[in-house]
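Novice: Mind folding the following:
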Amino acid sequence: MEKKVNYIPAVRSRIEKKVGIYCRVSTNDMQQLNSLTTQISGLTRLVATVDTWRLVDVYIDIASSKSKSLRKDFARMVEDSKQKKINIVITKSLSRFGRDTVDTLEALKILRESDVRVIFEQESLDSSETDSQLMISIVEALAQAENESRSENIKWGIKKKVEQGTSKLADRKCYGYDSDENGKLVVNEEQAAVVQRIFNLYLGGKSVTGILKELESLGIKSPTGKDKWNKRTIELTLTKRKYIGEAELLKSDENSTYYLVSDNNPAIISKEIFEAVQKRKTQRSNVTVDEDGTKHRSASKYSSKKK
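Specialist: Reported below is the predicted structural model:
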């Protein structure tokens, strides 16, 4: 009897995994929407490379100025995971998955409890292949690094705009000015008169407290619309260079490096009056008063006595 040989191919498992793609962008401008399209197409191609994966849903969140905190599709994805409608979630990166570290870790915990695998394509992270505690450490480290990088990028961007003269910080409104239709500073005549009065009163010998009391007695409202003025408000008014048409940008303290923009806006105070006030302030800061009312001028730390 002639032997028959039959070829029996291996039986491959056809247990399909239901995959959901999650994508998020922070704004609805055209550049971000193009980024969203790129995310979706790239992750769809990734799903297609695995025979046993079947794409069942795409979850998309687009933030807007009216609903920045809402992530309706993210919540729907989590609920679908609990209902076993999906087995795998694929997302572009950690930054697209969660808004911050706490948010990301909380979502990962819920998905892990639902036995859902999470894959971060950009970081090559797979929750099914990583110890949960190690995953937490990785997420925290990456989130911190990303936040630091984002912060540095923001600072760099602000600095470059200041250097190029395109920053809007120089046109930040303050008491004495309004903004025109182009966002440029224009003088508010009523408030400007108050600013001029403050400078003139100080040069005339009035103390900050004395100026404060006079403004209140005249019924002049503070910059915040209150009946009472704050001493700090008067002190800042007397040192604000914007009143002579200059803008100090990125100045953190008296000893820091900063940028000074000249001819930035219409002046309310002349440079001569402004400098005279600064000189008077320095002189007054060197005067001390005894309990009996006797005034003494303290020596400047830069002066020296002749021997």
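Novice: so where's the protein uncertain?
Specialist: Applying pLDDT under 70 to the chain flags the ranges 1, 3, 7-14, 28, 64-70, 99-100, 132-136, 139-154, 286-307.
Novice: And the helices in it?
Specialist: All helices of the chain, identified by DSSP state H, fall at 30-48, 72-82, 94-97, 101-113, 132-164, 189-203, 208-217, 231-237, 271-285.
Novice: Start and end of stretch 252-264, how far apart?
Specialist: Start and end residues of stretch 252-264 are separated by 20 Å (Cα to Cα, to the nearest Å).
Novice: Give me the contacts around that stretch.
Specialist: With Cβ atoms under 8 Å, 6 or more residues apart in numbering as the test, stretch 252-264 has contacts from 162-163, 165, 170-171, 185, 241-242, 245-251. C-beta coordinates here come from the backbone N, C-alpha and C atoms, glycine included.
Novice: now with 6 Å?
Specialist: Stretch 252-264 has contacts (Cβ atoms under 6 Å, 6 or more residues apart in numbering) with 162, 170, 245, 246, 247, 248, 249, 250, 251.
Novice: Same question for that stretch: list its buried residues.
Specialist: By neighbour count on 16 or more other Cβ atoms under 10 Å, the buried set for stretch 252-264 is 259, 261, 264.
Novice: and those as a markdown table, adding distance to residue 284?
Specialist: Formatted as a markdown table, these follow (distance: Cβ to Cβ, whole Å):
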| residue | distance to residue 284 |
| --- | --- |
| 259 | 29 |
| 261 | 29 |
| 264 | 28 |
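Novice: So which of these sit within strands?
Specialist: The members of those that map onto strands under DSSP state E are 259, 261.
Novice: ok, the buried residues of stretch 252-264 vs residue 202, which is closest?
Specialist: residue 264 (23.3 Å; Cβ to Cβ).
Novice: Could you list which residues are in contact with the residue nearest to the closest one when sequence neighbours are not counted?
Specialist: Nearest non-adjacent residue to residue 264, counting by Cβ to Cβ, 6 or more residues apart in numbering: residue 247, 4.2 Å away. Residue 247 makes contact with 170, 261, 264, according to Cβ under 6 Å, 6+ apart.
Novice: Between these, which sits nearest residue 112?
Specialist: Comparing these against residue 112 with Cβ to Cβ places residue 170 closest, at 50.0 Å.
Novice: How about the contacts made by the closest one?
Specialist: Contact partners of residue 170, counting by Cβ under 6 Å, 6+ apart, are 247, 261, 264.
Novice: For it, give its distance to residue 197.
Specialist: Distance of residue 170 to residue 197, computed by Cβ to Cβ, to the nearest Å: 26 Å.
Novice: What about the contacts of stretch 252-264, which one has the most neighbours?
Specialist: residue 247 (23 neighbours; other Cβ atoms under 10 Å).
Novice: tell me which residues form a beta bridge with that residue?
Specialist: On the basis of DSSP bridges, residue 247 is bridged to residue 261.
Novice: Distance to residue 85 added to the contacts of residue 247, as JSON lines?
Specialist: Shown next, in JSON lines, are the contacts of residue 247 (distance: Cβ to Cβ, whole Å):
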{"residue": "170", "distance to residue 85": "53"}
{"residue": "261", "distance to residue 85": "57"}
{"residue": "264", "distance to residue 85": "58"}
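Novice: so which of the helices of the chain comes closest to residue 20?
Specialist: Nearest to residue 20, of all the helices of the chain, is helix 72-82, at 5.8 Å by Cβ to Cβ.
Novice: May I have the closest one as PDB, with CA atoms only?
Specialist: C-alpha atoms of helix 72-82 as PDB (Å, rounded to 0.1, in the frame of the first residue of the first chain):
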ATOM      1  CA  LYS A  72     -14.800  63.800  26.400                       C
ATOM      2  CA  ASP A  73     -13.200  61.200  24.200                       C
ATOM      3  CA  PHE A  74     -10.600  60.300  26.800                       C
ATOM      4  CA  ALA A  75     -13.400  59.700  29.300                       C
ATOM      5  CA  ARG A  76     -15.200  57.600  26.600                       C
ATOM      6  CA  MET A  77     -12.000  55.600  26.000                       C
ATOM      7  CA  VAL A  78     -11.700  54.800  29.700                       C
ATOM      8  CA  GLU A  79     -15.300  53.800  29.900                       C
ATOM      9  CA  ASP A  80     -14.900  51.500  26.800                       C
ATOM     10  CA  SER A  81     -11.900  49.900  28.400                       C
ATOM     11  CA  LYS A  82     -14.000  49.100  31.500                       C
END
